[in-house]
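*Asks:* following is a predicted model, sequence given first.
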Amino acid sequence: MSEPSSRDRDAVNKIFGESLPNITSDERDDARPDDDDERERWFRDNIPPHHG
């Protein structure tokens, strides 16, 4: 199958928006180190009574 021309891609992008990113959100490392600490604190603060 041949590669679509840039004109075809531009027409599609005009209708549907920009093309898909090269890197998906789950491949990016957007997490900050303090996010883990905050998440752990939330889990500890919200442990159900039968797990304590």
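*Replies:* Okay, I see it.
*Asks:* low-confidence regions, the protein specifically.
*Replies:* Scanning the chain for pLDDT under 70 picks out the ranges 1-4, 19-21, 52.
*Asks:* if you set the cut-off to 50 instead, what comes out?
*Replies:* Applying pLDDT under 50 to the chain flags no residue at all.
*Asks:* top helix in it by residue count?
*Replies:* helix 33-45 (DSSP state H).
*Asks:* which stretches of the protein form helices?
*Replies:* 6-16, 33-45.
*Asks:* follow-up on the earlier one: export the longest helix of the chain as CSV, just CAs?
*Replies:* Output of helix 33-45 as CSV, limited to C-alpha atoms (Å, rounded to 0.1, in the frame of the first residue of the first chain):
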residue,chain,number,x,y,z
PRO,A,33,9.0,11.9,41.7
ASP,A,34,6.8,13.5,44.4
ASP,A,35,3.7,12.0,42.6
ASP,A,36,4.6,8.6,44.0
ASP,A,37,4.8,9.9,47.6
GLU,A,38,1.5,11.7,47.2
ARG,A,39,-0.2,8.5,45.8
GLU,A,40,1.3,6.4,48.7
ARG,A,41,0.0,8.9,51.2
TRP,A,42,-3.5,8.8,49.7
PHE,A,43,-3.5,5.0,49.8
ARG,A,44,-2.4,4.9,53.4
ASP,A,45,-5.1,7.6,54.3
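*Asks:* who are the packing partners of it?
*Replies:* Packed against helix 33-45 by the contact rule (3 or more CB pairs under 8 Å, 6 or more residues apart in numbering; DSSP states H and E) you find no helix or strand. To be clear about C-beta, it is placed using only N, CA and C from the backbone, and glycine gets the same treatment.
*Asks:* could you give the number of residues near R41?
*Replies:* Using other CB atoms under 10 Å, R41 has 10 neighbouring residues.
*Asks:* can you check the one 4 residues further on too?
*Replies:* D45: 7 surrounding residues under other CB under 10 Å.
*Asks:* how near is it to R39?
*Replies:* Distance of D45 to R39, given as CB to CB, to the nearest Å: 11 Å.
*Asks:* equivalent analysis for A11, please.
*Replies:* 44 Å.
*Asks:* in this protein, which residue is closest to the centre?
*Replies:* S25 (2.5 Å; CA atoms, centre = their mean).
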